[in-house]
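J.: predicted structure and sequence below. I'll ask about it afterward.
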Amino acid sequence: MTVRIRAELPLPLRFADGWSTPARVVTFDGLADGREHLALRLGPAVRRDPLVRVHSECLTGDVLGSARCDCGPQLRESVERIADVGGYLLYLRQEGRGIGLYAKLDAYALQDDGLDTYEANVALGYGEDERDYTVAAQMLEALGERRVALLTNNPDKAGQLAALGIDVVRRVPTAVHRSASNARYLEAKVRHGHLVGVAPE
Ligand SMILES: Nc1nc2c(ncn2[C@@H]2O[C@H](COP(=O)(O)OP(=O)(O)OP(=O)(O)O)[C@@H](O)[C@H]2O)c(=O)[nH]1
Ligand SMILES: [Zn+2]
C-alpha cells in the first residue's frame, strides 16, 4: 500500500521556558506497522536536503524529563535547529529502542544491578536495539523528501535509512547532553558505535 499524507495542520509549539516556534504536524495512512507516527514540519521551506531528525519515542525522557538518558534535551535541540534551517522531525513510536515502555523500565532495573543498556535488553530476551526505520523512509517518501541531512550520532540510523532508499547526503551531529545521571548510558552508546561528540568527516 502506498503511504500517503492523511492530514497536515498547524501545531504551534511552546516549551516550558517560553521558547516557541510555528510548526505543522503531518499524519499518514498506510505506514508499514500501522502505528501512529508523526512528522513535524519546522522552519522555512527548503528546496534541497532538509534537516531531518528521526527521534524514537522516550516517554520518560521526552515528556517526564527523566535524566537517565539524553532524549529530552536531544528532542528540544532538534526542534530548535530544524526550526532555524527548515526540515522535519519524525517522531517514531518505538519506545525503548523498540522493546516498549514497561520492558525499558525492566531494563533500567537491571542497569541498576550493573548491566549496561544493551546487555539489559539481551538479558530480558530482546535484541540490543530492535528499532526498524522502514516507517521513517515511508514518511519521507510521502513528504517528497528522498535526500536529507540527518541529525544524529547513530550510524545505524543513517545506514538503515540509506538501505531503505533514502539518500543521506550529510550526517549532522547532535550536541552531547551529558550529566551525572546519564554518563553510563552515553558511554555504552559510544561502545556500540555512536559518534557522540564526533564531527562528520
Ligand atoms: N531499551 C532501552 N531503551 C532505551 C534506554 N534508554 C533510552 N532508550 C530508548 O532509546 C531510544 C533513543 O535512542 P538513543 O540510542 O538514545 O539515540 P538514537 O536516537 O539512537 O541516536 P541519536 O540519533 O544519536 O540520538 C528511545 O526509544 C528511548 O526510549 C535504555 O536504557 N534501554
Ligand atoms: Zn530516553
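T.: Happy to help now that I have it. Ligands and ions are numbered 1, 2, ... in the order given.
J.: any low-confidence regions in this protein?
T.: Residue ranges of the chain with pLDDT under 70: 198-201.
J.: now the helices for it?
T.: Listed in chain order, the helices of the chain (DSSP state H) span 71-85, 101-112, 117-123, 134-142, 155-163, 183-191.
J.: does the longest one reach ligand 2?
T.: Yes. Between helix 71-85 and ligand 2, judged by C-beta under 5 Å from the ion, the touching residues are Cys71. From N, CA and C alone the C-beta is placed, and that goes for glycine too.
J.: what's in contact with that helix?
T.: For helix 71-85, contacts defined as C-beta atoms under 8 Å, 6 or more residues apart in numbering pick out 13, 15, 19, 21, 23, 40, 42-44, 46, 51-53, 55-56, 58, 60-62, 65-66, 88-89, 151, 172, 174-175, 177.
J.: redo the helices of the chain as a markdown table? Include mean neighbour count.
T.: Formatted as a markdown table, these follow (neighbours: other C-beta atoms under 10 Å):
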| stretch | mean neighbour count |
| --- | --- |
| helix 71-85 | 19 |
| helix 101-112 | 16 |
| helix 117-123 | 19 |
| helix 134-142 | 21 |
| helix 155-163 | 16 |
| helix 183-191 | 15 |
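J.: closest to ligand 1 out of the ones you listed?
T.: Closest approach to ligand 1 among the helices of the chain (C-beta to the nearest ligand atom): helix 117-123, 3.7 Å.
J.: the closest one near ligand 1 at all?
T.: Yes. Looking at helix 117-123 against ligand 1 by C-beta under 6 Å from any ligand atom, the contacts come from Thr117, Asn121.
J.: ok now that helix, how far from the chain's centre?
T.: 20 Å (C-alpha atoms, centre = their mean, to the nearest Å).
J.: with stretch 49-61 instead?
T.: 3 Å.
J.: do stretch 86-106 as well
T.: Counting by C-alpha atoms, centre = their mean, stretch 86-106 comes out at 7 Å from the chain centroid.
J.: so for that stretch, first residue to last residue, what's the gap.
T.: 38 Å (C-alpha to C-alpha, to the nearest Å).
J.: ok, and for it, which residues are buried?
T.: Neighbour-count burial for stretch 86-106, counted by 16 or more other C-beta atoms under 10 Å, picks out 86-92, 94-99, 103-104, 106.
J.: ok, now which ones touch Arg14?
T.: Arg14 neighbours (C-beta under 8 Å, 6+ apart): Ser20.
J.: domain boundaries for this structure, per the record?
T.: 7-94+131-191, 95-130 (automatic domain parsing).
J.: what about the first one and ligand 1, any contact?
T.: Yes. Legend: contact between domain 7-94+131-191 and ligand 1 by C-beta under 6 Å from any ligand atom is shown at 56-58, 69, 71, 74, 94, 152-154, 157, 174, 189.
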